[in-house]
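[1] Below are the sequence and a predicted model for it; my questions follow.
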Amino acid sequence: MSREEVVYETPPICDLMTLLLRNRRASGPYNEVWPDIYISDASTARDKALLRQLGISHVVNAAHGPAHIDTGADFYSDVDVQYHGVEAPDNRDFDITPFFYPTASFIYKAVTQQEGKVLVHCARGVSRSATLVLAYLMIYERLTVAEAIEIVCVHRNILPNAGFLQQLRQLDTTLTLQRKDEQL
């Protein structure tokens, strides 16, 4: 290995927390964090007039279900919005990893269709929704976890819980190894 060749290692949680907490500024109820991808709170997701105004064509509810934010596909039937629900509590012990690839695929299909825009929300738009958007950026946009956090934090204050951060670290390690294998 030459000196110029840098070996990437997934940063520890403490370094990711530093990135998340650096340069915090006021976030609105919704923010475009990547072209055509918005993270929001629950009230924004329930405001159909605002969704129409923003041109939202797809909604990911990261707090789906009767015990959380029970909107669902029927709620959006009169506004021509495609819906994807993820029943995830904001709990550090909850395994959100089974939702990474299906949700990332839903987001990818939304933003690659003509005039597609996706709103990803949970209760406050800070932990669950942010985790799923970060996973999308890592899977489809080929960003590292740190790069994804830095980009999203320019537009919105996010703070995935420690369990979700650890799961994103694991995804980062897996993707890094896969990409290294692709280069061989």
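    Perfect, thanks for sending it.

[2] For the lowest-mean-pLDDT helix or strand in the chain, name the packing helices and strands.
    Least confident helix or strand of the chain, by mean pLDDT, DSSP states H and E, is helix 72-75 with a mean of 88. Under the contact criterion of 3 or more C-beta pairs under 8 Å, 6 or more residues apart in numbering; DSSP states H and E, helix 72-75 touches strand 82-85. Where you see a C-beta, it was placed from the backbone N, CA and C, and this is true even at glycine.

[3] pLDDT (mean, whole number) over the strand it packs on?
    Mean pLDDT, strand 82-85: 96.

[4] quick one: buried residues of stretch 111-124?
    Val111, Gly116, Lys117, Val118, Leu119, Val120, His121, Cys122, Ala123, Arg124 (16 or more other C-beta atoms under 10 Å).

[5] ugh, typo on my part, it should be stretch 154-168
    His155, Arg156, Asn157, Ile158, Leu159, Pro160, Asn161, Gly163, Phe164, Leu165, Gln167, Leu168.

[6] and if you look at stretch 164-183?
    Phe164, Leu165, Gln167, Leu168, Arg169, Leu171, Asp172, Leu175, Thr176.

[7] out of those residues, who's nearest Thr144?
    Asp172 (5.9 Å; C-beta to C-beta).

[8] What helix or strand is that closest one located in?
    helix 162-183 (DSSP states H and E).

[9] Please name every helix or strand in contact with that helix.
    Against helix 162-183 (3+ C-beta pairs under 8 Å, 6+ apart) you get helix 13-21, helix 128-139, helix 145-155.

[10] From the rest of the structure, what touches the least confident helix or strand of the chain?
    Identification of contacts with helix 72-75 by C-beta atoms under 8 Å, 6 or more residues apart in numbering yields Arg46, Asn61, His64, Gln82, Tyr83, Gly85.

[11] thinking the third one is in contact with Gly85, fair?
    I take that to be His64. Yes - here His64 reaches Gly85: they are 3.1 Å apart, a contact under C-beta atoms under 8 Å.

[12] tell me, how many neighbours does Lys48 end up with?
    Close neighbours of Lys48, defined as other C-beta atoms under 10 Å, add up to 14.

[13] Not counting sequence-adjacent ones, nearest residue to it?
    In space, and not counting its chain neighbours, Lys48 is closest to Val79: 4.9 Å by C-beta to C-beta, 6 or more residues apart in numbering.
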